[in-house]
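J.: Sequence first, then the predicted structure:
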Amino acid sequence: MDNREELAERLKKLLVRLKTPQEDRQLSTLIQILKDLLSLARTEHAAELFEDKDVHLPLTVVLSSNMSSKGVQQVGLSLLCQLFEICPNTLEELTRPLQASREWEILGVHQQILKALSQYITDPQVTMFGLRALAVLLRS
């Protein structure tokens, strides 16, 4: 199996883990899943790997349901920014008209980011990635 196939298989497994809510999941496990996704999003083949993958939907669910975790917000917003860079369809999905939205979770991504920014205003990492994501959304 070549490197791309291994990365694609790893991405598939991580997405299943991200999409599968587990009440007893440790925050550290969730943060590690996000970090692993972020590292894949920074690989040479990231655009190809993430093409046509709906990572943004489970990511926004994780961000909204774990607002009290600074670690989830830091890594999750960083991943969202990386997805904007490598997957133009992510931005399109998050900014399409409300009537066309299928999932309620993505409707409030602007509000989610603003809430994270207000909650973690003293954390430079959350602030940097939150403002970066918000700027991309506003430019669209």
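T.: Structure's in. What do you need? Numbers count the residues shown, from 1 in each chain.

J.: can we go C-alpha only for contacts and neighbour counts from here?
T.: Noted.

J.: Can you give me the neighbour number for the closest residue to Ile33 other than its chain neighbours?
T.: Closest residue to Ile33 in three dimensions, ignoring its sequence neighbours and counting by C-alpha to C-alpha, 6 or more residues apart in numbering: Leu14, at 6.4 Å. When neighbours are defined as other C-alpha atoms under 10 Å, Leu14 has 17 of them.

J.: for the chain, which spans come out with low pLDDT?
T.: Low-confidence segments of the chain, defined by pLDDT under 70: 1-2, 24, 95-107, 140.

J.: Let me see the ranges of the strands in it.
T.: Read by DSSP state E, the chain holds no strands at all.

J.: now the helices for it?
T.: Along the chain, the segments classed as helices by DSSP state H run 3-19, 27-41, 46-50, 56-65, 70-86, 88-95, 109-119, 124-139.

J.: Point out the most buried one among the ones you listed.
T.: Across the helices of the chain, averaging neighbours per residue (mean count of other C-alpha atoms under 10 Å) puts helix 70-86 on top, at a mean of 22.

J.: Can you list the neighbours in contact with that one?
T.: 27, 30-31, 34-35, 37-38, 41-42, 46-47, 50, 56, 59, 62-63, 66-67, 90-91, 116, 120, 125-126, 129-130, 132-133, 136 (C-alpha atoms under 8 Å, 6 or more residues apart in numbering).
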